[in-house]
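Engineer: heads up, no residue letters with this:
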Ligand code: 1GP
């Protein structure tokens, strides 16, 4: 499938579930995720990413009727067989390695299967907003940010880098709706993803009203499957950013 097709398809995604290959997912929760009504799965994480781990999780969730994206946060995540590859670059990384350095190294080593890879790539402009998260420590993220600063990063992502996706990453912590709204108002064509601290339908609905796509992680691994399904229902019953203010 061509990348442009995935970029089109993800415009219809309102709820994504992110599964971490370094964390357990028992059979009951796996079933819960697959039946939750989520639009697609992302396999991604920051710590302990290994090729066998990513491959094993990919095998457990592939072929179950949901698109599966691998988020390439490290070259170890470059495992064949996903439907698409979300490639993050961290706009507010204090260490430029995470803006473009890691990508340059990975592409240097990619070799022969690069054409196959590019067909399925969707870049993500990340803003890492929880300074206590593993990803913030790894990338030495310049965080927290004010709403104005975050908005300006959003404008860079869309206007300068042409990013199809801007991802507000609060990983493990519920974000600031005022900041999220401000970035959402600034974006046009770029899709706005939000992830962090969604623990049930109330928070899912609040963020769903401000962004295009809500990403749920922890809850899938630790919460009751019923709660994950409730976040999907909450997102579906809420008008999103682009619906309220059509810009693309
Ligand atoms: C993490 O944005 C995702 O990369 C989801 O965050 O795990 O806090 O739900 P949570």
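Structural biologist: Here it is on my side, so go on. Keep in mind that what you see is a predicted model, and the values were worked out from it rather than measured.
Engineer: now the strands: where do they sit in the protein?
Structural biologist: Taking DSSP state E as the criterion, the chain contains strands spanning 15-19, 40-43, 68-71, 84-90, 121-128, 165-169, 191-195, 213-216.
Engineer: among those, which is the most enclosed?
Structural biologist: Per-stretch averages of neighbours, counted by mean count of other Cβ atoms under 10 Å, single out strand 213-216 among the strands of the chain, with a mean of 27. (Glycine included, C-beta is placed from N, CA and C.)
Engineer: identify the residue spatially nearest to residue 56, adjacent ones excluded.
Structural biologist: residue 21 (7.1 Å; Cβ to Cβ, 6 or more residues apart in numbering).
Engineer: check what pLDDT the residue lying closest to residue 94 once chain neighbours are set aside gets.
Structural biologist: Distances taken as Cβ to Cβ, 6+ apart place residue 140 nearest to residue 94, at 3.4 Å, with adjacent residues excluded. Looking at residue 140, its pLDDT is 98.
Engineer: residues near residue 140, how many?
Structural biologist: Number of residues near residue 140 (other Cβ atoms under 10 Å) recorded here: 17.
Engineer: ok, residue 48 next?
Structural biologist: What residue 48 shows, counting by other Cβ under 10 Å, is a neighbour count of 12.
Engineer: picking up where we left off before, export the strands of the chain to JSON lines and tack on distance to residue 178 and mean pLDDT?
Structural biologist: Formatted as JSON lines, these follow (distance: least, Cβ to Cβ, whole Å; pLDDT from 0 to 100):
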{"stretch": "strand 15-19", "distance to residue 178": "22", "mean pLDDT": "98"}
{"stretch": "strand 40-43", "distance to residue 178": "26", "mean pLDDT": "98"}
{"stretch": "strand 68-71", "distance to residue 178": "27", "mean pLDDT": "98"}
{"stretch": "strand 84-90", "distance to residue 178": "22", "mean pLDDT": "97"}
{"stretch": "strand 121-128", "distance to residue 178": "15", "mean pLDDT": "97"}
{"stretch": "strand 165-169", "distance to residue 178": "12", "mean pLDDT": "98"}
{"stretch": "strand 191-195", "distance to residue 178": "13", "mean pLDDT": "98"}
{"stretch": "strand 213-216", "distance to residue 178": "17", "mean pLDDT": "98"}
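Engineer: turn these into CSV, including distance to residue 77.
Structural biologist: Output for these, formatted as CSV (distance: least, Cβ to Cβ, whole Å):
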stretch, distance to residue 77
strand 15-19, 12
strand 40-43, 8
strand 68-71, 6
strand 84-90, 8
strand 121-128, 13
strand 165-169, 16
strand 191-195, 17
strand 213-216, 16
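Engineer: I'd like to know which of those strands is closest to the ligand.
Structural biologist: Taking Cβ to the nearest ligand atom, strand 191-195 is the member of the strands of the chain nearest to the ligand, at 2.0 Å.
Engineer: how about the residue nearest to residue 56, what does it touch?
Structural biologist: By Cβ atoms under 8 Å, 6 or more residues apart in numbering, the contact list for residue 21 reads 43, 45, 48-50, 53-54, 56-57.
Engineer: and the protein, which of its residues are near the ligand?
Structural biologist: When proximity is defined by Cβ under 6 Å from any ligand atom, the chain lies next to the ligand at 18, 169, 171-172, 195-198, 215-219.
Engineer: now render the residues you listed as CSV, adding distance to residue 72.
Structural biologist: Below are the residues of the chain next to the ligand laid out as CSV (distance: Cβ to Cβ, whole Å):
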residue, distance to residue 72
18, 13
169, 15
171, 17
172, 21
195, 16
196, 20
197, 24
198, 23
215, 16
216, 20
217, 17
218, 21
219, 23
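Engineer: of those residues, which pair is most distant in space?
Structural biologist: Greatest spatial distance among those (Cβ to Cβ): 169 and 219, at 15.8 Å.
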